[in-house]
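Visitor: Here is the input, now give the coordinates:
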Amino acid sequence: SNPVMLVYNTKIFKSLGLKAPRTYSEFMKVAQSIDSDEDGDGILDHWAMTVSIKAIWWQRLFDFYPFYAAATGGRTLLENGKAVFNNEGGVTVMRFFREGFKKRYFPMLGFSGDIFLDGKTAMNAVGPWAIKYYQRIRPDFEFDFAPIPVPDGHKGPVYTYGDPKNIVIFATTKHPDESWEFIKFLISRKADLKLLEITNQIPTRRNVANDPYFKGFFRKNPLLRKVAAQADYVVPMDESPHLTQILDIISRQFEASAVYG
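Guide: Next up is the predicted model:
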């Protein structure tokens, strides 16, 4: 389970005296402080957050869906096989992104490379897999994680999308017992620790951040402990043969409503 969280450039935040935003109103105030046109040509050089303007279905797993999970207290897109995302939470999330694009807090330009890592944006929504990437490409890059911002007045834990990696046994296998033994090995504490050490990805295990078995690892990797704590409050993606089409519809509506309004 790999929680998608808000990652932010701590150097930029410290220089401006900012803290990671917890709510939509806090986000907009922070974003206003970050946006800047350094050369005075009327074109922004720095933006608050990286948000893709591409109408590609999987992009919504890193903007609309984690924000939707946070805003709705952990709901998914479908219930009993029917779409339920056209609700108050879904509309609130679309309005949040629309306000961000309208106020130019999110860039509406195409860039090559990682504009968050290049310091052109101060925030992004990613999972723990980004940690080793950032540290390898820019060893001096300073960053931290925070929960996905929620609507003002939100109560209760903050959920997000968990980007799971699933394991199955084929019904047609000739070796079901051996397969099950292998899976038991894969999900053992020993193997989970190796998963953390090698990949920086969070094993699907309750309260993993406070499990004594992983205490030494998280002591050496405090960023990952913060991500692991978030893993207690994640939602998966719905199981549906039409999932790609559903996300494609959301993505096209995101482009029409949030990006271009």
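Visitor: okay, CA-based contacts and neighbour counts for the rest of this
Guide: Noted.
Visitor: Which residues does stretch 165-181 contact?
Guide: Applying C-alpha atoms under 8 Å, 6 or more residues apart in numbering, the set of residues contacting stretch 165-181 from outside is S1, I183.
Visitor: start to end distance for that stretch?
Guide: Criterion C-alpha to C-alpha, to the nearest Å; first-to-last residue distance in stretch 165-181 is 18 Å.
Visitor: model confidence over it, on average?
Guide: Across stretch 165-181, pLDDT averages out at 95.
Visitor: what's the answer for stretch 94-108, then?
Guide: Mean per-residue pLDDT for stretch 94-108: 96.
Visitor: And it, end to end?
Guide: 16 Å.
Visitor: Check which residues of it are buried.
Guide: Judged by neighbour count (16 or more other C-alpha atoms under 10 Å), stretch 94-108 contains these buried residues: M94, F96, F97, R98, E99, G100, F101, R104, Y105, F106, P107, M108.
Visitor: Tabulate the residues you listed (a markdown table), appending distance to M237 and secondary structure.
Guide: Output for the buried residues of stretch 94-108, formatted as a markdown table (distance: C-alpha to C-alpha, whole Å; DSSP: H, G, I helix; E, B strand; the rest coil):
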| residue | distance to M237 | secondary structure |
| --- | --- | --- |
| M94 | 19 | helix |
| F96 | 22 | helix |
| F97 | 21 | helix |
| R98 | 24 | helix |
| E99 | 26 | helix |
| G100 | 25 | helix |
| F101 | 26 | helix |
| R104 | 30 | coil |
| Y105 | 28 | coil |
| F106 | 26 | coil |
| P107 | 27 | coil |
| M108 | 27 | coil |
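Visitor: Sort out which one of these lies nearest P157 for me.
Guide: Minimum distance to P157 across the buried residues of stretch 94-108 is 19.6 Å, recorded for F96 (C-alpha to C-alpha).
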